[in-house]
Structures are given as structure tokens and as C-alpha cells.
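A.B. asks: What follows is a predicted protein model with its sequence.
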Amino acid sequence: MNAHSNTICDCSLKAIDYGVNSDQAMQTLGDHKLPHFFNYPPYFTLQPVRETREKQIQLWKELILDYCRTQKIFIIGLEEDFPLFSNPAIERSLNHEAREAFLSAIVLDGRAEWMDKSHRQCLILWHRIKDWADLILRFVKENGLEDSVMTIEEIRSGIESRGTDIHGMERTVLVRALKTSGKQRKTCNLQGNFNR
Amino acid sequence: MAGNWLLPAETTSSGRPVLQPGEVESSLQPTVDLVNEENPNLPIFKSGLLILTTYRLLWLPNPESTTSAPTSKAVAVPLAAVTHIFQSKKSIKGMFASPRVRFQVSVTPDGRVQERGSKSAVITLVFRGKSDPDSFVGKFYEAWRGRAWVGAVSASSQGESRPVVLGDGGGSSSSDTGFALKMPVVGVSGILRKEQEMWESTDKSLQDAFQDLNALMTKAKDMVILAEKMRQKLLSSSSSSSTQTNATNDEEMSSKEEMQEWLLSVGIISPVTKESAGALYHQQLSRQLADFVKIPLEKAGGIMNLIDIYCLFNRARGTELISPDDLLRACSLWEKFNVPVMLKKFESGVMVIQNKSHSDEEVFSRIRTLVQNPDALQTGISATDAARMLGIAPAMAKEHLLAAESKGFLCRDVSPDGFRFYINIFQDIDPNDLYLVKEYGIYDAWNRAAIASR
């Protein structure tokens, strides 16, 4: 698998804005609305009591997937600053153990994968690989691109994909989605295009 | 009833005898029968605990056999009523039977044991357990010849004979007979001379007492009296000066109060020792401890650290210190006796002594109200906050908070600011809709407090 470390965390380039929406008194991160409990200090401490921890992990899973989906984030680096993992408003941030625990929980659900054995990077699959393959096929059909040849870069950043989930897609995820649809003999003619 | 030919003896709820002021235990013997030889028809006191004190011979029923109402059956023979102790005869026959000790007491015409009775009776003690009757006889003789009760009688006639087991054992006074043959007190010079004499004698007894520990032990009674006198003096002076109210006086007052506290808790008059109790050491220690912890526990709100108890108990025992291991064994024996206190071990390993009536539920509900006030909703509470608000030690407060956390009432927040606890709002959040705040419940209350503080 190709590791594309240069594409980690596109979001870090965006201006981070912890604004407070005065209408609903709800905090936002960029253009993502954060739930109220994001200001609850214990939310940022890994809870030792099993029942409480399970609930906490569940809430983090939902929030991480939700955030990655809206911000189109595919890779979370555990040692890098991830805006969701700290809340300057209450001066709390997740420690490494907590980050790993929450991401591991997502991995167990099949909605993420560790990219290395030391768990330093996590690939977030807010659509599963199979769903990504379906999305690509639908995109191809909708744009009448059946029987044509496209490079991977064209799919990721071409004009046609603009405005869809596929635009700006993580290369690794795209390649794996194409492999999946290739096995189903839906995109077999693309096989030769990989520069491996 | 024919059984009351002996005097009744009081016991505490944990089964320790209630001693008179100045009375000290000197030997304990398990499984001893007490038989009246004159009249075999009288009920025999079978296999009970025999306690020899400086005043009395106490017989307590075996706690295992009569668990129902052991307090009603304890009996006593005042040593003052003993007229003769027979030397035990060594014979071949005696080697196979249980050892016996016989002594003569004076009794009333109808057979009741009494001091200066017109008739006499012989009582036999049968030692059934593994014990050493020879050394017991030695101690018995010593206590009988010691006539420690003579001083006590004059004290009780003065109306000071509250039965005490511990605390201020003051009571008996021999000092007022000390000046009987002195010069009569006449005029101011007489008063001054008397003051001087008293001062000198006090000084002398202080010096004698602190020469060595043995001397201190023999002087202990005088010291207790002295402490009592000083306390009285402090009490009277503090009440007279209470009309003045200025800052320096307050300071003085508090130091006086402290002094009083020290003097009030002179300690346990008759501590259970390995020497006196022998094999019954831990059992008796356990009972004495149960009686002792009642007062400090009440002051501390029903729960206390084991270490604190260890310090208090050993201080009260004076020179007869016990080891931490002995204390732990004494505490763990409480389960077997019907005592109102218990030893509790927290998950972290911290051990505490608490009243059985002290309930965790009550503490939890108090903690729950604490964390739900608007400030605590917003900033949480630390162990120190909880300690202050519940009026308990911080270490104890932390244990309660951790216990409440493990039950799911609280959540922790570890940050550079410290370790704080918040009310658990996780259970109130719908994982399918992260943005939903129900219009009731803890999450809503927390959210309102959070918005209000912005």
C-alpha cells in the first residue's frame, strides 16, 4: 500500500475557527457544528469506569466520523494536532492514550484502519470501501464515462467529480475502492493504469 | 432467684466489663467455672471468662455460648469480701482433674456475698482451659493484699463514682487525707503556707513521677488526679474570663481549650495487655477498641481512617503501645462480635472504621447534591472541596468520590488544573443525535449552567 504522508490532514491548512454561534450557543469548529458536550471537561479524560467509558467512546466515534465526513478528512495522525482533539475554550485536550482508544474503537467497528503497526496514523473510512466503489460507479454512470479511461488524479481532482464526495478523495482509499469494483468486473479496464 | 448470690457486674455493648474509677485489670482466664461449695444447689457459673481486677473478681459468660443477652449474666465478687485464699494442694489426684483455686468469702446469713458478712462461704474456681492457675493465684493474692479498693471507697462516697472504662479516670482522691496532721490554717500566712506546701508536694510528685517509667506507673493515679484538678482550674478560669472579649483573649481561650482536650483524654485506665489477657489478648483488645472508637467516631461523623484510630488508641493506652498488626487483628475480629462498628476496606486499599449505621447511600446523595449546584456543574469538585463541604478528611472524601464514580454518578476530569469530578452527563446524551438536548435531566441542567457562565 502506498503511504501518502504528504496528504495527511488537509484540514490543518484551513483556518481553525472556534466560534460560538450566538443563536444556539453552540460551538463550531470551522464550519462544523459541535455538540454541547464538547465543553464538558470529562469528555476529554478517558473515563476509567467501564459503563461510562463505553458511552464516552460511542460519543467520540460519532463525533469523529461526523467531523471527518463534513471536513473530508481521511487520515488522522495521532501525534499531530487534530482540531477535534482539543478544546481551547475549556483548555482540555485528549492525551495519546485516549486518542488511540477512540480511534481503536472506530477500527473495531470497521470504519477505520491503522496505517502502521505503531498506530501513528489512522485511515478514517466514513464511507466503507464497498460504498466508495458504489459511489464511483454511480459517478461514472451519471457522467456518461462508461468505456472511457481516466487517471486516478482525474477522478480525485477533475472537473467532473467536483461537488461530490469523490472529489479530493484519499488516493489509498480510491485505489482500494477501484480494486474492489475491479474484482466485481465493473472497472477491469482500469487495472493497467496503476503505476505500481 | 437463687443465682444472684453474687453481685451483678455491668458490661459494655461489646462485652467488656465496665470498670470502676481506678480499677485495673490484672489477669484474664478463659473457660473458668465458678462454684459455691457451701450450697451445691446454687447454679454453677460454667466455663466463662474470669477477669481479675484490682477491685473485683469478675465472671463473664462465654460470648459464644450465650449470644442472646450476655450483659445480664455477668457477676462479680468484690475482693473486699474475700477473707482467705487457700493454697492449692499438689496431689496425684489433682494432676488428672482440672486445676482448682479455692477461696473464702464473707456472706450474709441468706448466702449473698457481701463485705463484712456474718457467715462465710468457700468458692471454687475450676480452670478448664489451657491456663496457668499458679500465676493466677499469685496475682489474685497480690491484688487482694494490695487493697486498691480502699482509696476508691472514699472517692465513691464523695459522689464521683461514675463507672468509666476509659476517658478521664480521675475519681479516687487520696490527697485530702494527706494534710490531716498538718498545722492548722490560721490567717493569711496560714493560707500562704498551705499554698506553698501544696505547690511543693505537687512539684515533688511530678519529679518523682518522671524519674523513670516504673515510677510513672506507680504515680499514675496521682497524675490523673492532678490532671483533673488542672482541668477544673482551667474550666473555672475560662468561664470567668469569657465576659471579656478581645483578640488576645480568644487566642488564650483556644490554647486553654486545647489543653483541656488533652487533659480530658487522659486515656484508658486499664488497657488490655498481652500480659494480663494472654491467649484472649486479641479478643479482649478488639472489644476494648470497639468501646474506645465510639466517641472519636461520633466526632468525626461516623467514619475514620484506621491510621487515625491507631494514633488515638495508642495515645490513650499510654505506655502499653500496640503494633499496627495487633490493631488490624483486633478490627478484623469485630465481624465475630456483635459490636456497632466495622472495618471497611476501600478499593484503593485505604482502610477505615465506621459506624454500622453510617451508610454510603447517605454520603452518595450528599455528593450528588454537591455536584449539582450551578458552580459545581460548571467547574466540578475536587476532593478538597468535597472534604470541606462534607466535613471529612480529604483522603476520605476522595475515596467517597471514587466510589461514587465507580457507581456511575460521577465522571473524572484530569487536567493540569488537577483532578476534579463532575456529574455524569454521558448517560443523558443520545448517541444517535449528538445535538439533541432533552428539555429535562442532568444534561440539560449542565448545559444551562454552561451557557449561563459564558
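C.D. replies: That came through, no problem.
A.B. asks: For burial, what's the neighbour tally of residue B:327?
C.D. replies: Applying other Cβ atoms under 10 Å in any protein chain shown, we find 21 residues neighbouring residue B:327. Heads up, the C-betas are built off the backbone N, CA and C, glycines and all.
A.B. asks: Surely it is in a helix?
C.D. replies: Yes: according to DSSP: H, G, I helix; E, B strand; the rest coil, the state of residue B:327 is that of a helix.
A.B. asks: Can you check the pLDDT for it?
C.D. replies: We have a pLDDT of 90 for residue B:327.
A.B. asks: Name the helix or strand for the residue nearest to it when sequence neighbours are not counted, please.
C.D. replies: Nearest residue to residue B:327, sequence neighbours excluded (Cβ to Cβ, 6 or more residues apart in numbering or on different chains): residue B:310, at 5.3 Å. Here residue B:310 sits within helix B:306-317, counting by DSSP states H and E.
A.B. asks: Mind giving me the packing neighbours of that helix?
C.D. replies: helix B:281-299, helix B:324-332, strand B:351-355 (3 or more Cβ pairs under 8 Å, 6 or more residues apart in numbering or on different chains; DSSP states H and E).
A.B. asks: What about residue A:50, how many residues nearby?
C.D. replies: 10.
A.B. asks: ah, wrong one, I meant residue B:403
C.D. replies: Around residue B:403 there are 18 residues (other Cβ under 10 Å).
A.B. asks: what ranges do the strands span in chain A?
C.D. replies: Secondary structure of chain A by DSSP state E: the strands cover A:20-21, A:26-29, A:32-33, A:75-77, A:86-87, A:92-93, A:112-114, A:121-124.
A.B. asks: Please disregard the earlier target; I meant chain B.
C.D. replies: Ranges of strands in chain B, per DSSP E, are B:7-8, B:25-36, B:45-53, B:56-60, B:75-78, B:82-85, B:100-107, B:119-127, B:303-305, B:341-345, B:351-355, B:410-415, B:418-423.
A.B. asks: nearest to residue B:281, of those?
C.D. replies: With Cβ to Cβ, the closest approach to residue B:281 among those belongs to strand B:25-36: 8.5 Å.
A.B. asks: what are the pairing partners of the closest one, and which direction each?
C.D. replies: strand B:45-53 (antiparallel), strand B:119-127 (antiparallel) (DSSP bridges).
A.B. asks: I'd like the distance between the residue of the stretch 201-350 of chain B found nearest chain A and residue B:405.
C.D. replies: In the stretch 201-350 of chain B, the residue that lies nearest chain A is residue B:347 (11.2 Å; Cβ to the nearest Cβ). According to Cβ to Cβ, to the nearest Å, residue B:347 and residue B:405 sit 11 Å apart.
A.B. asks: Kindly report the same for residue B:276.
C.D. replies: 47 Å.
A.B. asks: which bits of chain B sit near chain A?
C.D. replies: Chain B comes close to chain A at residues B:380, B:405-406, B:408, B:411-417, B:420, B:422, B:424-427, B:429, B:431, B:434-435, B:437, B:443, B:446-447, B:450-451, B:454, as judged by Cβ under 8 Å from any Cβ of the partner chain.
A.B. asks: Any chance of JSON lines for the helices and strands packed on helix B:306-317, columns distance to residue B:315?
C.D. replies: Converted to JSON lines, the helices and strands packed on helix B:306-317 look like this (distance: least, Cβ to Cβ, whole Å):
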{"stretch": "helix B:281-299", "distance to residue B:315": "11"}
{"stretch": "helix B:324-332", "distance to residue B:315": "13"}
{"stretch": "strand B:351-355", "distance to residue B:315": "16"}
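A.B. asks: which one of these lies closest to residue A:30?
C.D. replies: Closest approach to residue A:30 among the helices and strands packed on helix B:306-317 (Cβ to Cβ): strand B:351-355, 51.0 Å.
A.B. asks: burial measure for residue B:415, as a count.
C.D. replies: As a burial measure, residue B:415 scores 16 neighbours (other Cβ under 10 Å).
A.B. asks: Flag the shaky bits of the chain, pLDDT-wise.
C.D. replies: Using chain A. A:1-26, A:183-196 (pLDDT under 70).
A.B. asks: wrong one, chain B
C.D. replies: By pLDDT under 70, the weakly predicted segments of chain B are B:1-4, B:40, B:63-72, B:88-96, B:130-131, B:151-186, B:209-219, B:231, B:234-270, B:454.
A.B. asks: Dead centre of chain A: give me the residue that sits there.
C.D. replies: Centroid check for chain A by Cα atoms, centre = their mean gives residue A:74 as the closest residue, at 3.4 Å.
A.B. asks: How much space separates that residue from chain B?
C.D. replies: 21 Å (Cβ to the nearest Cβ, to the nearest Å).
A.B. asks: still on that earlier bit, for the strands of chain A, give me JSON lines that also has mean neighbour count.
C.D. replies: Shown next, in JSON lines, are the strands of chain A (neighbours: other Cβ atoms under 10 Å in any protein chain shown):
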{"stretch": "strand A:20-21", "mean neighbour count": "12"}
{"stretch": "strand A:26-29", "mean neighbour count": "18"}
{"stretch": "strand A:32-33", "mean neighbour count": "18"}
{"stretch": "strand A:75-77", "mean neighbour count": "21"}
{"stretch": "strand A:86-87", "mean neighbour count": "18"}
{"stretch": "strand A:92-93", "mean neighbour count": "19"}
{"stretch": "strand A:112-114", "mean neighbour count": "20"}
{"stretch": "strand A:121-124", "mean neighbour count": "21"}
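A.B. asks: between these, which one is nearest to residue B:73?
C.D. replies: Closest approach to residue B:73 among these is made by strand A:92-93 (65.8 Å; Cβ to Cβ).
A.B. asks: mind checking how far residue B:368 is from residue B:440?
C.D. replies: Distance, residue B:368 to residue B:440, using Cβ to Cβ: 17 Å.
A.B. asks: of these two, who's got more company?
C.D. replies: Between residue B:368 and residue B:440, counted using other Cβ under 10 Å, residue B:368 has the larger neighbour count: 14 against 9.
A.B. asks: residues from chain A in reach of chain B?
C.D. replies: A:20, A:25-26, A:33, A:35-37, A:39-42, A:44-45, A:47-49, A:51-52, A:55-56, A:58-59, A:62-63, A:66, A:91-92.
A.B. asks: could you redo the last one with a cut-off of 7 Å?
C.D. replies: Contacts of chain A with chain B, taken as Cβ under 7 Å from any Cβ of the partner chain, map to A:25, A:33, A:35-37, A:39-42, A:45, A:47, A:49, A:51-52, A:55-56, A:58-59, A:62-63, A:92.
A.B. asks: Now restrict the residues you listed to buried residues only.
C.D. replies: Buried positions within those, assessed by neighbour count (16 or more other Cβ atoms under 10 Å in any protein chain shown), are A:33, A:35-37, A:39-42, A:45, A:47, A:49, A:52, A:55-56, A:58-59, A:62-63, A:92.
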